[in-house]
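1. Just a sequence and a predicted model for now, questions to come.
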Number of protein chains: 2
Amino acid sequence: MYSETSAPDFGQRRERLLESLEAAGLRFLLITKPVDIYYFTGFRGSAGMLLIGTRRTRLWVDPRYTLQAGEQTSGIEVIEAREGLGQTVAAWLRKRRPPAVGYQDLHLACAELAAIRNKAGRRAGTRWQPVGPMIETLRMVKDPWEAECIRRAGRLTAEVFGEVLPMVRAGARERDLAAELEYRMKRAGADGAAFETIVAGGPRGAWPHARASSHHLQTGELVIFDLGAILSAYAADMTRTIYLGRPSRQARHLYESVTEAQQEAVQSLRPGLSGNDADAVARQALARRKLDQYFKHSTGHGVGLEVHERPRLGRGEQAPMPADCVVTVEPGVYVEGYGGVRIEDTVLVRENGPEILTPASKDNWFTG
Amino acid sequence: MYSETSAPDFGQRRERLLESLEAAGLRFLLITKPVDIYYFTGFRGSAGMLLIGTRRTRLWVDPRYTLQAGEQTSGIEVIEAREGLGQTVAAWLRKRRPPAVGYQDLHLACAELAAIRNKAGRRAGTRWQPVGPMIETLRMVKDPWEAECIRRAGRLTAEVFGEVLPMVRAGARERDLAAELEYRMKRAGADGAAFETIVAGGPRGAWPHARASSHHLQTGELVIFDLGAILSAYAADMTRTIYLGRPSRQARHLYESVTEAQQEAVQSLRPGLSGNDADAVARQALARRKLDQYFKHSTGHGVGLEVHERPRLGRGEQAPMPADCVVTVEPGVYVEGYGGVRIEDTVLVRENGPEILTPASKDNWFTG
């Protein structure tokens, strides 16, 4: 299936992390976020603690996961923690007394850090160093395997949306359409939905994050569909908006403006562009149509093992995007009491131009 | 629909929290965990910051959520944060200089606390006090509305499992059965699945947290189904195990032993019992059958707005369970290379005895 790409090389990822660690003057990093543990080992359990060191990598799991971790990983030491993960890791550190250990301050809860530090022994002299977005920065750049996973997740998402489109008509219930979309994603091979599928018609479409409700769609409503599959652990994220009936002038104005803004922002994407500037492209396109005051969120976010990751496409994000990052581009307008329009694609930012990974049509947007 | 119970009184919940705060010598608590923000306000967005104070409650949301928060809450002040939630709250605190603010150290990430403290101004003299499981402890006790929500989620879960049971036969694919269960939950009114539905047949059933795979079930396999609906924001959690064909002696021994252990542990539940002692009931029942070494996790956990919450039913949990808490009871045995059996119900711990909230049969457990 992955003819041009080979399976992920978790060992190589750990090597790259060791370079970042060395640059930070660290020999150990404690990784506590499950998705990062997967990224560096292949272990897909919901809990574990991973200690990456210059010589060796150790993964502590609770007894539920001993077998699974053994089968899903290689080249690391899997240790069963019978007395609680944090406790066991801390006891290990207490014995070894490393001079410094990095920790994921963006993820680790204050109480958990305090408990590990106390148990590891404050007298052991270990310095605990927050590493900030060290791993998030590495994960921004997708290797060919990862890009292919997201491409397949995006294709699946678009296909399933196309299958369900004929069911989008007056009388259909939002939650039934959402159930249908999620069912077909899973049948088609998805691990599941990357997030609770949004189907929001009429005035509730003006809530950017409305849930699918028991509302029956009506002629004359704009309906927002926001969905994404997870496939082989990677997410896609896509939004389309459908008008039920023959579009009014207002609906057409909103739809065409958002579609244009979205397309301009997608086309602007290239390595080196900042998230701030990509956001500005979408915002200015809407401003030309006097709709920028209805655009109430940022333009996009990174997508990968998580459906929201780095980089953010929004005001104030000055860092340049790296080549081979994957981001959403999703401008929207939200008119209180009337409804909303949002159009979103997941896009691979390549040296030679953007590649849309969620190839669903934007042209067949009304039913009448 | 909720004939004997009235809608949740969020104001009353805030009053109860203020009592806990007063006992801790605090006049403000910063709540950052979305599910807790819902618990105290009714706001169901994915992000926000809630500052509960003795005089007033303030909820900061980003512009995506302004409309939604206004409609979903009452009796509190909703404030739109345009410059980031943490930043905006910190700026507010910098001006007010409260002597002390409590924070959710079990949830708040180290980096986020540091950012808020820095921005709020270390010179402002505000003392930041971790409150530990203050809210988790309040949430353990379910009011009649909450119990009814979980009861309905449990009934829905059990009904959907009963509908899908006839499809469980040799040749069926694990992921298709999982998709079918989740689809029917959502069609029946669930917000969604409380977690990724597990369908694990044969040797993979020996992984307590296996995912549904593309494996086709075979005669002679034990198949674990672990599923739960979320309904009106509350979760249920249930596991059943089915044998395909006419059970072997080994399968029967495992199944009957686990079922017996589960039933004994359920019957033992009463207010005042510790999680440790409830766990011991299940473990001793399995020890009588010489199966305790195959029971690799704790006996259960609280269920409510989260599918894993307090109290834990496991070794070392000495605190007595309060009346009207809701817990799972889910002993299991896992035999490497062969498969697993787990039986789980969600149970309301009442003064006058346990009430099983996931009423699916355990008797029709084989197909042959």
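-> Happy to help now that I have it. Numbers count the residues shown, from 1 in each chain, chains lettered A, B, ... in the order given.
2. For the stretch 1-150 of chain A, what lies in contact range of chain B?
-> The stretch 1-150 of chain A comes close to chain B at residues A:44-46, A:62-68, A:103, A:105-114, A:130, A:132, as judged by CB under 8 Å from any CB of the partner chain. C-betas here are computed from N, CA, C, even on glycine.
3. at 7 Å instead, please
-> A:45-46, A:63-65, A:67-68, A:105-111, A:113, A:130, A:132 (CB under 7 Å from any CB of the partner chain).
4. Now do A:R64, the pLDDT please.
-> Here, the pLDDT recorded for A:R64 equals 88.
5. With adjacent residues omitted, what lies nearest to it?
-> B:P208 (4.2 Å; CB to CB, 6 or more residues apart in numbering or on different chains).
6. how much space between the one you found and A:A111?
-> 26 Å (CB to CB, to the nearest Å).
7. who's more crowded, the two?
-> Between B:P208 and A:A111, B:P208 has the larger neighbour count (other CB atoms under 10 Å in any protein chain shown), namely 26 against 19.
8. That one is in contact with B:E330, isn't it?
-> No: between B:P208 and B:E330 there is no contact under CB atoms under 7 Å: 9.6 Å.
9. So A:L231 sits against A:G154, correct?
-> No: in terms of CB under 7 Å, A:L231 does not count as a neighbour of A:G154; the distance is 8.9 Å.
10. out of those two, which sits in the busier spot?
-> Here A:L231 and A:G154 are compared on neighbour count by other CB under 10 Å; more neighbours surround A:G154, at 30 against 24.
11. Using the three-state scheme, assign that one.
-> helix (DSSP: H, G, I helix; E, B strand; the rest coil).
12. That one touches A:L357, doesn't it?
-> Yes: A:G154 sits in contact with A:L357 when judged by CB under 7 Å, with a separation of 3.5 Å.
13. that older thread, so who does the residue nearest to A:R64 touch?
-> Counting by CB atoms under 7 Å, 6 or more residues apart in numbering or on different chains, B:P208 makes contact with A:R64, B:K296, B:H297, B:G332, B:Y334, B:G340.
14. Tell me which residues are up against the helix or strand where A:L21 lies.
-> Using DSSP states H and E, A:L21 falls within helix A:10-23. Applying CB under 7 Å, 6+ apart, the external contacts of helix A:10-23 come out as A:27, A:29, A:39-42, A:52, A:54, A:57, A:75, A:102, A:134, A:138.
15. In helices only, show me these.
-> A:Y39, A:F40, A:T41, A:M134, A:L138 (DSSP state H).
16. got any ranges where the stretch 1-150 of chain A has weak pLDDT?
-> Residue ranges of the stretch 1-150 of chain A with pLDDT under 70: A:1-6.
17. again, only this time at 80
-> A:1-7, A:122-124 (pLDDT under 80).
18. burial count for the residue in the stretch 251-368 of chain A positioned nearest to chain B?
-> Per CB to the nearest CB, the residue of the stretch 251-368 of chain A with the smallest distance to chain B is A:K296, at 4.2 Å. Applying other CB under 10 Å, we find 19 residues neighbouring A:K296.
19. for A:D277, same thing?
-> By other CB under 10 Å, neighbour count at A:D277 equals 17.
20. ok, how many other residues are close to the residue nearest to it when sequence neighbours are not counted?
-> In space, and not counting its chain neighbours, A:D277 is closest to A:S268: 7.5 Å by CB to CB, 6+ apart. Neighbour count of A:S268, defined by other CB under 10 Å: 16.
21. residue contacts, the residue nearest to A:S298 when sequence neighbours are not counted?
-> Nearest residue to A:S298, sequence neighbours excluded (CB to CB, 6+ apart): A:G314, at 2.9 Å. Neighbouring residues of A:G314 by CB under 7 Å, 6+ apart: A:G275, A:D279, A:S298, A:T299.
22. Now do A:G314 against A:T137, distance only.
-> A:G314 is 17 Å from A:T137, by CB to CB.
23. Same question for A:W365.
-> For A:W365 relative to A:T137 (CB to CB), the value is 37 Å.
24. One more: A:P63?
-> Distance from A:P63 to A:T137, by CB to CB: 34 Å.
25. give me the number of residues near the closest residue to A:R155 other than its chain neighbours?
-> Excluding its sequence neighbours, the residue lying closest to A:R155 (CB to CB, 6+ apart) is A:P359, at 6.6 Å. Look at A:P359: counted by other CB under 10 Å, it has 15 neighbours.
26. Secondary structure class of A:P359, three-state.
-> coil.
27. Hmm, it is touching A:A158, no?
-> Yes: proximity of A:P359 to A:A158 meets the contact threshold set by CB under 7 Å, at 5.0 Å.
28. got the domain boundaries for chain A?
-> A:10-139, A:141-356 (automatic domain parsing).
29. and the longest one, how far apart are its ends?
-> For domain A:141-356, the separation between the terminal residues is 16 Å (CA to CA, to the nearest Å).
30. tell me which residues of the one helix or strand A:I116 maps to are tucked away?
-> Secondary structure assigned from DSSP H and E places A:I116 in helix A:110-120. Neighbour counts using 16 or more other CB atoms under 10 Å in any protein chain shown place A:C110, A:A111, A:E112, A:L113, A:A115, A:I116, A:R117, A:K119, A:A120 of helix A:110-120 among the buried residues.
31. Can you show me the CA trace of that helix as CSV?
-> C-alpha atoms of helix A:110-120 as CSV (Å, rounded to 0.1, in the frame of the first residue of the first chain):
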residue,chain,number,x,y,z
CYS,A,110,2.1,20.6,37.7
ALA,A,111,1.1,17.9,40.3
GLU,A,112,2.7,15.1,38.3
LEU,A,113,6.0,16.9,38.0
ALA,A,114,6.0,17.7,41.7
ALA,A,115,5.3,14.1,42.6
ILE,A,116,8.0,12.7,40.4
ARG,A,117,10.5,15.3,41.6
ASN,A,118,9.7,14.6,45.3
LYS,A,119,9.9,10.8,44.9
ALA,A,120,13.1,11.1,42.8
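32. ok, and what's touching it?
-> By CB under 7 Å, 6+ apart, helix A:110-120 touches A:86-87, A:89-91, A:93-94, A:103, A:126, A:128, B:105-106, B:108, B:110, B:113, B:130, B:132.
33. If we use 6 Å, what do you get?
-> Residues from elsewhere that reach helix A:110-120 (CB atoms under 6 Å, 6 or more residues apart in numbering or on different chains): A:G86, A:Q87, A:A90, A:L93, A:R94, A:W128, B:D105, B:L106, B:L108, B:C110, B:L113.
34. how much space between A:G220 and chain B?
-> Using CB to the nearest CB, to the nearest Å, we find A:G220 at a distance of 20 Å from chain B.
35. Ok, A:R97 next?
-> 22 Å.
36. what number of residues lie near that residue?
-> So A:R97, with other CB under 10 Å, has 12 neighbours.
37. Can you tell me the closest non-neighbouring residue to A:I242?
-> A:V223 (5.0 Å).
38. Surely that neighbour is within a strand?
-> Yes: according to three-state DSSP, A:V223 belongs to a strand.
39. residues contacting A:A206?
-> A:Y334, A:V335, A:E336, A:G339, A:G340.
40. Now, of those, which are buried?
-> A:Y334, A:V335, A:G339, A:G340.
41. what about the residue nearest to A:R64, which SS state?
-> coil.
42. returning to what we had before: from what I see, the residue nearest to A:R155 and A:E159 are in contact.
-> No: at 8.9 Å, A:P359 and A:E159 do not qualify as touching, with contact defined as CB atoms under 6 Å.
43. Roughly how far does the most centrally placed residue in chain A sit from A:T328?
-> Centroid-nearest residue in chain A, with CA atoms, centre = their mean: A:V307, separated by 1.8 Å. Between A:V307 and A:T328 the computed distance is 9 Å (CB to CB).
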